[in-house]
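> Let me see the structure of the following:
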Amino acid sequence: MIGTGSAKKTTGKVWAKNQQVNAFLRDVTAGATGVIAGAVVVLARRSVYDLPTLLICLLSLGMLFRWRIPEPVLIACAAVAGLLLPYA
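Numbers count the residues shown, from 1 in each chain. Just a heads-up that it's a prediction; the model follows:
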């Protein structure tokens, strides 16, 4: 039990220096990014189907890239805009 603290500290460093583990993690990260991008495309095709939803999409993307707005706030604002559009 005395050596467990030092083993935990060095284990992370050992894995970080292992080239095979690093290559595996890079590949897994790239694969996960591809899956997420594919899901975004599928969701966008199903949810952006007319001019008002296209405007909400473009405005949201513009705000995300221009300012650092938290995603939940942006989603809430887009939801309110989508609910109010039929009344405009």
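
> For residue 49, give me phi and psi.
When read as degrees, to the nearest 10, the backbone of residue 49 gives phi -130, psi 0.

> start the count at 586, not 1, going forward
With 586 as the first residue, the last one maps to residue 634.

> Would you state the predicted confidence (pLDDT) at it?
For residue 634, the pLDDT comes out at 86.

> Over to residue 660?
87.

> tell me the pLDDT at residue 638?
The score at residue 638 is 84. That number is its pLDDT.

> Could I get the phi/psi values of the spatially closest residue to it that is not a sequence neighbour?
Leaving aside its sequence neighbours, residue 638 sits nearest to residue 632 (Cβ to Cβ, 6 or more residues apart in numbering; 6.4 Å). Yep, even glycine has a C-beta here, placed from its N, CA and C like the rest. For residue 632, the backbone dihedrals (degrees, to the nearest 10) come out as phi -110, psi -20.

> Could you tell me how far residue 632 is located from residue 664?
Residue 632 sits 12 Å away from residue 664, taking Cβ to Cβ, to the nearest Å as the criterion.

> before we move on, what about residue 644?
For residue 644, the distance to residue 664 (Cβ to Cβ) stands at 13 Å.

> Of the two, give the one with the bigger neighbour count.
residue 644 (14 against 11; other Cβ atoms under 10 Å).

> which phi and psi does residue 652 have?
For residue 652, the backbone dihedrals are phi -120, psi 160 (criterion: degrees, to the nearest 10).

> mind checking how far it is from residue 646?
For residue 652, the distance to residue 646 equals 12 Å [Cβ to Cβ].

> Can you tell me what sits against stretch 631-643?
Contacts to stretch 631-643, defined as Cβ atoms under 8 Å, 6 or more residues apart in numbering, come from residues 629, 663, 666, 667, 670.
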